[in-house]
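Chemist: Test case, fold it:
(one chain, ligands or ions: 1)
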Amino acid sequence: MLLLMLVVALLGGNPGDVLEGIQGSPESQAPYVETAEEQELAEFVSVVLADTEMVWTEIFGEMGEVYAEPTLVLFSDSVSSACGVAGSSTGPFYCPADNNLYIDLSFFRALRDRFQAPGDFAMAYVVAHEVGHHVQTELGVTARLEELRQQLGEQEYNQYSVRFELQADYLAGVWASHAQGRGLLEEGDLEEALTAANAIGDDRLQREAQGYVVPDSFTHGTSEQRMRWFKKGFAAGNLDDWDTFGVSDL
Ligand SMILES: [Zn+2]
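Modeler: Numbering: from 1, shown residues only. This is a model prediction of the structure:
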């Protein structure tokens, strides 16, 4: 680091810039500057995240628990997390090891450009799903799944993984039920949003470069299952029907 700063100083640069670049974004050489479009997307993500915090703080409070908010990390090319290094084709993910929500702005651009109709809600849904993984971590579900992963074969574990993903969709539905009155979604948006999110997710996962981790699971369940569990959460508005692990018919 000192050597690098010295070299920059010799070349006439400001060593402080190097330090800032390294601290702000460990993967890039220079501090990352957002485009106006990315700023708009970033703002929207922050609004949705703040809304999820309001809802989950209230629901945790009713259970006598305190909701610890996740930290938002926006990225555009690649990002290094406690769960590994992710490329921009990874899509948004939550890392239970550092409680950070990694949101890939280029994913949202793809989502918006290819599926213009559900626009805002598709993006909100993706954020709410990742927040759902944080809620699962806070409530101990993620730790129990990790225990299962150690004990089970891959095929058997995948079935639990699907249930885990559908539970995150249920939790996104719980949030949406509370957010409904605030103009973020209309009834017809739901199917399109889920289809869009799935389609983009699959496409991008297929193009996934080797050597990157894929923190959010390949095995999300079918669009029909995802929609049904989202709707269950939406109808309940609480955790009453959230046990995707205990039902025989998913
Ligand atoms: Zn997920």
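Chemist: Let me see the mean pLDDT of stretch 232-248.
Modeler: Looking at stretch 232-248 alone, the average pLDDT works out to 94.
Chemist: Give me the residues contacting that stretch.
Modeler: Residues outside stretch 232-248 that contact it (C-beta atoms under 8 Å, 6 or more residues apart in numbering): 59, 62-63, 160, 163-164, 166-167, 169-178, 229, 250. (Each C-beta comes from the backbone N, C-alpha and C, glycine too.)
Chemist: Intersect those with the contacts of the ion.
Modeler: Checking the contacts of stretch 232-248 against the ion by C-beta under 5 Å from the ion, not one of them is in range.
Chemist: Quick check: what element follows the lowest-mean-pLDDT helix or strand in the chain along the chain?
Modeler: Ranked by mean pLDDT, DSSP states H and E, the weakest helix or strand in the chain is helix 15-24, scoring a mean of 39. Downstream of helix 15-24, the next assigned helix or strand under DSSP states H and E is helix 36-62.
Chemist: Can you point out the buried residues in whatever helix or strand comes next after that following helix?
Modeler: Moving toward the C-terminus from helix 36-62, the next helix or strand (DSSP H and E) is strand 71-75. By 16 or more other C-beta atoms under 10 Å, the buried positions in strand 71-75 come out as 72, 74, 75.
Chemist: Got the domain ranges for this structure?
Modeler: Each domain of the chain is listed here as a residue range: 1-33, 34-236, per automatic domain parsing.
Chemist: rank these by pLDDT, which is bottom?
Modeler: domain 1-33 (a mean of 44).
Chemist: Please name the nearest non-neighbouring residue to residue 227.
Modeler: Excluding the flanking residues, the one nearest residue 227 by C-beta to C-beta, 6 or more residues apart in numbering is residue 194, at 5.1 Å.
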